[in-house]
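Trainee: Quick one: sequence and predicted model below, then my questions.
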Amino acid sequence: MSKKNKTDRNGFVYSTDPGFQFEPEEKEEMETLAPEKQVLRVKFDTKQRGGKAVTLVTGFIGTAEDLELLGKQLKNHCGTGGAVKDGEAMVQGDQRDKVLQWLLKNGYPKTKKV
């Protein structure tokens, strides 16, 4: 591929406007809501995981660091592994009751099991 046709890191190849200046969008981190205002959903899922069962916690509004912390606390409480991906905390296995109990005990009253 010739240098002439390479895109820059922003995805623009060429602009005919001589005064064009690319201004990247700044992604604003959402401020984390207080636990009593969070509306979380706890559900069981096996889709696209090779038959492995996971408990998902969805609906968290806040920074990625706070979601990571929540996921870590849930994994420690349940004594299992898991991950945080795409705004969801995953805990391995069918841990819906344990996760729901922990969330309600730790100040997330609007949590529901789906």
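Mentor: The structure has been received and is ready for your questions.
Trainee: contacts and neighbour counts: CA atoms only from here.
Mentor: OK.
Trainee: so which strand or helix has Leu103?
Mentor: Assessed by DSSP states H and E, Leu103 sits inside helix 96-105.
Trainee: list the buried ones in that helix?
Mentor: Of the residues in helix 96-105, Arg96, Val99, Leu100, Trp102, Leu103 count as buried by neighbour count, 16 or more other CA atoms under 10 Å.
Trainee: Show me where this protein has its helices.
Mentor: For the chain, applying DSSP state H gives helices covering 64-78, 96-105.
Trainee: Serialize those to a markdown table and add fields for mean pLDDT.
Mentor: Shown next, in a markdown table, are the helices of the chain (pLDDT from 0 to 100):
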| stretch | mean pLDDT |
| --- | --- |
| helix 64-78 | 96 |
| helix 96-105 | 96 |
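Trainee: who wins for proximity to Lys52 among the ones you listed?
Mentor: The closest of the helices of the chain to Lys52 is helix 96-105. By CA to CA, the value is 14.8 Å.
Trainee: Pass me the low-pLDDT residue ranges in this structure, would you?
Mentor: 1-13, 27-29 (pLDDT under 70).
Trainee: show me what contacts the most centrally placed residue in it?
Mentor: Per CA atoms, centre = their mean, the C-alpha nearest to the average position across the chain is that of Gly87, at 1.3 Å. Neighbour list for Gly87: Thr58, Gly59, Phe60, Ala64, Leu67 [criterion: CA atoms under 8 Å, 6 or more residues apart in numbering].
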